[in-house]
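Peer 1: Test case, fold it:
(chains A and B)
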There are 2 protein chains.
Amino acid sequence: MSDIAPTGAAGEVERLVQWNEQGLVTAIAQDKGTGEVLMVAWADRTALAQTLATGTATYFSRSRQRLWVKGEESGYIQRVLEVRTDCDGDALLYLVDAPGPACHQLRRSCFSHRIDRDGSVHTDRPRIA
Amino acid sequence: MSDIAPTGAAGEVERLVQWNEQGLVTAIAQDKGTGEVLMVAWADRTALAQTLATGTATYFSRSRQRLWVKGEESGYIQRVLEVRTDCDGDALLYLVDAPGPACHQLRRSCFSHRIDRDGSVHTDRPRIA
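Peer 2: Numbers count the residues shown, from 1 in each chain, chains lettered A, B, ... in the order given. Okay, here's the model as predicted:
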């Protein structure tokens, strides 16, 4: 991957982002206040455009093959305070304000499993919103 | 994707992680102290095993098609304090202690580009380690 070279022109993000062969890019949601990494999902061009336009975190659901406004069912929407991309443009970082659980398991973060040195996996308890 | 169900058995992480068709999974490095998301890369089974065994962040470089110990050239290695995975096991989170820049552009984080509402992209200045 090579580094992106932004010029500050409106709309340039669409060509700067390195969409994969499915037209998707990794999208990470991080709580802007606490710094907690909440979840990792995917975004397509429409999801990113809608996120920027509405300020509500929008992803592309690969399992449902459609646009997915996080919280559209649970009500736990993520308000996007800032969107960033990395040096080679192959990932997005949504910095969000997310009062409720980000995970469908009703945990604050999806990263609820700790991997120990022996390769065993241990899940945080209890579930906390 | 369905939720993983850890049992705490040694070595189970290898089957719990949802490796993609290339045998890779997204790996995010986050500074454990500051919470800053530093970079996003990929890990294969060997990279994860080596990370767990050595405590040094190891990835799989797609461009070079080989194992990649972060900092092997720059000297800016990442000491891994904790490894986590998410609810459906398709991403890893390396919580690291990383004194130097994580980005080859000599920035602290690779996420140096802010995307504004009009789709323009703006790069942080100056470069800071």
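Peer 1: For chain A, which segments count as helices?
Peer 2: A:13-16, A:45-54 (DSSP state H).
Peer 1: Which residues are in contact with the residue in chain A that chain B sits nearest to?
Peer 2: Each residue of chain A has a distance to chain B, by Cβ to the nearest Cβ, and the smallest belongs to A:G35, at 2.4 Å. Where C-beta positions appear, they are placed from N, C-alpha and C, glycine not excepted. Residues in contact with A:G35 (Cβ atoms under 8 Å, 6 or more residues apart in numbering or on different chains) are B:Q30, B:T34, B:G35, B:E36.
Peer 1: and the last one, how many neighbours?
Peer 2: Other residues within reach of B:E36 by the criterion other Cβ atoms under 10 Å in any protein chain shown amount to 16.
Peer 1: pretty sure it is touching B:R108, no?
Peer 2: Yes - judged on Cβ atoms under 8 Å, B:E36 makes contact with B:R108 at a distance of 6.6 Å.
Peer 1: one step back: phi first, then psi, for the residue of chain A closest to chain B.
Peer 2: Taking degrees, to the nearest 10, you get phi 80, psi 0 for the backbone angles of A:G35.
Peer 1: all strands in chain A, in order from the N-terminus.
Peer 2: Along chain A, the stretches classed as strands by DSSP state E are A:25-31, A:37-43, A:58-61, A:66-69, A:79-85, A:91-97, A:113-115, A:121-123.
Peer 1: Looking at the ones you listed, which is nearest to B:G55?
Peer 2: The minimum distance between B:G55 and those falls on strand A:113-115, with 12.5 Å, by Cβ to Cβ.
Peer 1: residues touching the closest residue to A:F60 other than its chain neighbours, list them.
Peer 2: Leaving aside its chain neighbours, A:F60 sits nearest to A:D44 (4.3 Å; criterion: Cβ to Cβ, 6 or more residues apart in numbering or on different chains). A:D44 makes contacts with A:W19, A:G23, A:L24, A:V25, A:F60, A:L67, as judged by Cβ under 8 Å, 6+ apart.
Peer 1: One more pass at 10 Å, please.
Peer 2: Counting by Cβ atoms under 10 Å, 6 or more residues apart in numbering or on different chains, A:D44 touches A:19-20, A:22-25, A:27, A:50, A:58-60, A:62, A:66-67.
Peer 1: Kindly report the same for A:I77.
Peer 2: Listed by Cβ under 10 Å, 6+ apart, the contact partners of A:I77 are A:54-58, A:69-71, A:96-100.
Peer 1: With A:W19 instead?
Peer 2: Applying Cβ under 10 Å, 6+ apart, one finds that A:W19 lies in contact with A:V25, A:A43, A:D44, A:R45, A:L48, A:G89, A:D90.
Peer 1: 7 Å instead, please
Peer 2: When contacts are counted by Cβ atoms under 7 Å, 6 or more residues apart in numbering or on different chains, A:W19 is found next to A:V25, A:R45.
Peer 1: swap in A:V37?
Peer 2: A:V37 makes contact with A:I28, A:Q30, A:S109, A:F111, B:I28, B:Q30, B:V37, B:L93 under the criterion Cβ under 7 Å, 6+ apart.
Peer 1: Also A:K32?
Peer 2: Taking Cβ under 7 Å, 6+ apart as the criterion, A:K32 is in contact with A:L81, A:E82, A:L95, A:V96, A:D97.
Peer 1: any low-confidence regions in chain A?
Peer 2: A:1, A:126-129 (pLDDT under 70).
Peer 1: ok, 80 please
Peer 2: Judged against pLDDT under 80, the low-scoring parts of chain A cover residues A:1, A:125-129.
Peer 1: related to what we said a few turns ago, can you list the strands of chain A in a markdown table and add distance to A:A9?
Peer 2: Converted to a markdown table, the strands of chain A look like this (distance: least, Cβ to Cβ, whole Å):
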| stretch | distance to A:A9 |
| --- | --- |
| strand A:25-31 | 19 |
| strand A:37-43 | 21 |
| strand A:58-61 | 23 |
| strand A:66-69 | 26 |
| strand A:79-85 | 15 |
| strand A:91-97 | 19 |
| strand A:113-115 | 42 |
| strand A:121-123 | 45 |
